[in-house]
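[1] Below is the structure, and that's it, no one-letter string:
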């Protein structure tokens, strides 16, 4: 009889079950460090542990080419990637590039619309985290009047 | 900040579409008050959540760069007409609000 081994197995099974809890039960805290990052690369590292991403044509970002008012830039984001865990908006030239990060919970469609502020003309990157990696698309949005109230 | 949330949630087939608007200044912390010339402190929604009956369906984390009076819309599966939808936000100053509506 090997009680130690049996105990180890049971504990292991319990831990695995814990790890498999639906993410819906564990609303993650606001990712303060990623939101504070002064560069897009830092935000990616803080969010995903790596700045390594792959471009994907399965992500759609609908936005105006020219935003006359940088205080209100409407974005419509959608992806056909599977097993999406989160979608993040990164405005590369904003002082704090990470603008929003949205958890896609089981049963929720990987799409949303919102409005953001842009200080100046910039690439806007959408980063989609799936179970296989982080995929991105980017689009330049020209801003006529900056929207950070400076 | 009661009364800050407007929400409309409509079911079509198996999909519920949620459209919401929160009244909130979303101050960046870099804007100067026009009269005093002093910086206005950052004051922004950090987390917006939507719960269908007891199930969390959306967690949106915001920085100061989400526009004033944030608009947010999304879709989820499995909602039924009459289901309860709770919308709640918290901000970086400890402010919060929530509202309950029914799926239409």
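    Sure, I can see it. Remember, it's a predicted structure, so these values are computed and weren't measured experimentally.
[2] For chain A, what lies in contact range of chain B?
    Counting by CB under 8 Å from any CB of the partner chain, the residues of chain A close to chain B are A:24-25, A:27-28, A:30-31, A:35, A:71-73, A:91, A:94-96, A:98-103, A:105, A:107-109, A:111-118, A:147-150. For the C-beta atoms, the positions are set from N, CA and C on the backbone; glycine is no exception.
[3] can you list the weak-confidence ranges in chain A?
    In the predicted model of chain A, residues A:1-27, A:146-150 satisfy pLDDT under 70.
[4] Relative to the whole chain's centre, how far out is the biggest strand by length in it?
    Scanning chain A for the longest strand, with DSSP state E as the assignment, gives strand A:133-145. For strand A:133-145, the distance between its averaged C-alpha position and the chain's averaged C-alpha position is 13 Å (CA atoms, centre = their mean, to the nearest Å).
[5] helices and strands around that strand, which ones?
    Judged by 3 or more CB pairs under 8 Å, 6 or more residues apart in numbering or on different chains; DSSP states H and E, strand A:133-145 is in contact with strand A:54-55, strand A:59-62, strand A:66-69, strand A:73-79, strand A:122-130.
[6] which outside residues touch stretch B:6-15?
    A:109, B:16-22, B:75-81, B:85, B:87, B:99, B:101-104 (CB atoms under 8 Å, 6 or more residues apart in numbering or on different chains).
[7] Name the helix or strand for the one residue sitting closest to the centre of chain A, please.
    In chain A, the C-alpha closest to the average C-alpha coordinate belongs to residue A:88, at a distance of 2.5 Å (CA atoms, centre = their mean). Assigning secondary structure by DSSP states H and E places residue A:88 in strand A:84-91.
[8] List the buried residues for the helix or strand following that strand?
    With elements assigned by DSSP H and E, the helix or strand that comes after strand A:84-91 is strand A:98-104. In terms of neighbour count (16 or more other CB atoms under 10 Å in any protein chain shown), strand A:98-104 has its buried residues at A:98, A:99, A:100, A:101, A:102, A:103, A:104.
[9] So which elements touch strand A:98-104?
    By 3+ CB pairs under 8 Å, 6+ apart, strand A:98-104 packs against helix A:32-36, helix A:40-48, strand A:84-91, strand A:108-116, strand B:55-62.
[10] Of all the ones you listed, which one is nearest residue A:78?
    With CB to CB, the closest approach to residue A:78 among the helices and strands packed on strand A:98-104 belongs to strand A:108-116: 3.8 Å.
[11] Against which helices or strands is that closest one packed?
    In terms of contacts (3+ CB pairs under 8 Å, 6+ apart), strand A:108-116 is packed against strand A:73-79, strand A:84-91, strand A:98-104, strand B:55-62, strand B:71-77.
[12] Now it: buried residues?
    For strand A:108-116, a neighbour-count test (16+ other CB under 10 Å) marks A:108, A:109, A:110, A:111, A:112, A:114, A:115, A:116 as buried.
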